[in-house]
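Undergrad: kindly return the folded structure for what I paste below:
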Amino acid sequence: MVSHSELRKLFCSADAVCFDVDSTVIREEGIDELAKFCGVEDAVSEMTRRAMGGAVPFKAALTERLALIQPSREQVQRLLAEHPPHLTPGIRELVSRLQERNVQVFLISGGFRSIVEHVASKLNIPATNVFANRLKFYFNGEYAGFDETQPTAESGGKGKVIKFLKEKFHFKKIVMIGDGATDMEACPPADVFIGFGGNVIRQQVKENAKWYITDFVELLGELEE
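TA: Sure thing, here's the model as predicted:
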């Protein structure tokens, strides 16, 4: 059993920190916002709740929800223009402090690349450090499905991305931070998981995470010491 002070040391000496995006780096759940924008909010948010609780395999839930939403390329672009995602307080400072310490910061999301890249640009995270699902569109811009080959399209996908990062960059210590069951199950291969409840508290994560925070200020404080 790793002690709390050991977890803190691991966080402060990590080579890379990976963040979930929906309800962690941003206040919203991207897919629910897209559903609201496309007029099918209620049906989709119920599916999201079940998926986040781990009751439904991730890919099945994603397929089902997108079949209901059927977002066009234009709708996704309008969503970003008219209702851009809100960054969670403290995340900008935390990412910037990690980058100053030469820690690599990655965004690993079961959400959509077009939205996640928009968030990454706000945090000065290069697009090459983004792992997320790709929506597919027909030439006329209508919804054509999603790229099922992306690791983030499946349950356990975030762990696959972290394993890939360790193999590619030879990182010794990777920290995963997120609000959901899919984030928690990425440790291992992540060396530390920090549960985040600043936007939504998921009981399963709160009860099982060895380190649980509700404010990024706590992590900033660790880096200051």
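Undergrad: show me what the helix or strand harbouring Ser114 is packed against.
TA: Per DSSP states H and E, Ser114 falls inside helix 113-122. Judged by 3 or more Cβ pairs under 8 Å, 6 or more residues apart in numbering; DSSP states H and E, helix 113-122 is in contact with helix 30-37, helix 73-82, strand 104-112, strand 130-133. Glycine gets a C-beta too; all of them are placed from N, C-alpha and C.
Undergrad: most packed of those?
TA: strand 104-112 (a mean of 25; mean count of other Cβ atoms under 10 Å).
Undergrad: just the angle between it and helix 30-37, please?
TA: Between strand 104-112 and helix 30-37, the angle comes out at 40 degrees (axes from the mean of the first three to the mean of the last three Cα atoms, to 10 degrees).
Undergrad: all numbers from here: first residue = 7
TA: Yep, numbering from 7; the last one is strand 110-118 now.
Undergrad: now find how far off-centre strand 110-118 is within its chain.
TA: 5 Å (Cα atoms, centre = their mean, to the nearest Å).
Undergrad: residues of the helix holding Ser120 that come out buried?
TA: With burial defined by 16 or more other Cβ atoms under 10 Å, the residues of helix 119-128 counted as buried are 119-126.
Undergrad: got the angle between it and helix 79-88?
TA: Using the same axes, to 10 degrees: helix 119-128 against helix 79-88 is 30 degrees.
Undergrad: and Met182, how far is that from Cys24?
TA: From Met182 across to Cys24, the span is 5 Å (Cβ to Cβ, to the nearest Å).
Undergrad: quick check: neighbours shared by those two?
TA: By Cβ atoms under 8 Å, 6 or more residues apart in numbering, Met182 and Cys24 have these common neighbours: 114, 164, 168, 192, 196.
Undergrad: ok, the residues you listed vs Met53, which is closest?
TA: Ranked by distance to Met53 (Cβ to Cβ), the shared contacts of Met182 and Cys24 are led by Lys164 at 19.3 Å.
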